[in-house]
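*Asks:* make a model of this:
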Amino acid sequence: MTKMTRLLLAGVLGGALVACGGGTAATDHDEHHDEGHSGGEDLAAFEGPIGSSDVAKGGEVYATFCAGCHEGGAVGPELQGRTDSLAEIRHIIRNGEDRMPAFGADRISDDDMEAVLAYLQSNFGMFQ
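*Replies:* The predicted structure follows:
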């Protein structure tokens, strides 16, 4: 099996688990990039300040959709100290990256995504 096939299979299997709001996947360790967005896409549509100050709501959404993979770095990377921009994280949430599936507005509303960004800033020191 080629590395690309393994990556695609890992993405599908890991994405299925993540999309359910939790779980882990036992795949090889091709983790998210630790620094910055690598896709080279135009991030202009994702720019702007955090559109919510509801950290509590963000924590609820994070616990439902994110913590299962990002807590402990079992599937996704630890988020503490990441230096991605707001635009990069919005893009990753909406479009996915590596093993993280896309979370469209039908799964996480724009308001809830902005609350998660407020939570990430407050609890993980991101976007400082």
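*Asks:* backbone phi and psi for residue 100, please?
*Replies:* In this entry, residue 100 is assigned phi and psi values of phi -80, psi 130 (degrees, to the nearest 10).
*Asks:* burial of it, as a residue count?
*Replies:* Neighbourhood size, residue 100 [other Cβ atoms under 10 Å]: 22. Backbone N, C-alpha and C define where each C-beta goes, glycine included.
*Asks:* ok, residue 72 next?
*Replies:* 11.
*Asks:* from residue 97, how far off is it?
*Replies:* From residue 72 across to residue 97, the span is 19 Å (Cβ to Cβ, to the nearest Å).
*Asks:* check residue 69 too.
*Replies:* Residue 69 is 12 Å from residue 97, where distance means Cβ to Cβ.
*Asks:* ok, now how distant is residue 57 from residue 65?
*Replies:* Taken as Cβ to Cβ, the span from residue 57 to residue 65 is 12 Å.
*Asks:* which of the two has more residues huddled nearby?
*Replies:* Legend: neighbour count by other Cβ under 10 Å for residue 57 and residue 65, higher for residue 65 (22 against 17).
*Asks:* OK, contacts around that one?
*Replies:* Going by Cβ atoms under 8 Å, 6 or more residues apart in numbering, residue 65 touches 21, 103, 107-108, 116.
*Asks:* which of those residues fall within helices?
*Replies:* In this view, these that belong to helices under DSSP state H are residue 116.
*Asks:* which single one of the contacts of residue 65 is nearest to residue 87?
*Replies:* Nearest to residue 87 among these: residue 116, at 14.7 Å, using Cβ to Cβ.
*Asks:* residue 120 contacts residue 78, correct?
*Replies:* No. With contact defined as Cβ atoms under 8 Å, residue 120 does not count as touching residue 78 (11.9 Å).
*Asks:* who has more neighbours out of the two?
*Replies:* Taking neighbours as other Cβ under 10 Å, residue 120 and residue 78 compare with residue 120 leading, 25 against 14.
*Asks:* what's the closest non-adjacent residue to that one?
*Replies:* Excluding the flanking residues, the one nearest residue 120 by Cβ to Cβ, 6 or more residues apart in numbering is residue 126, at 4.6 Å.
*Asks:* noted, bye for now.
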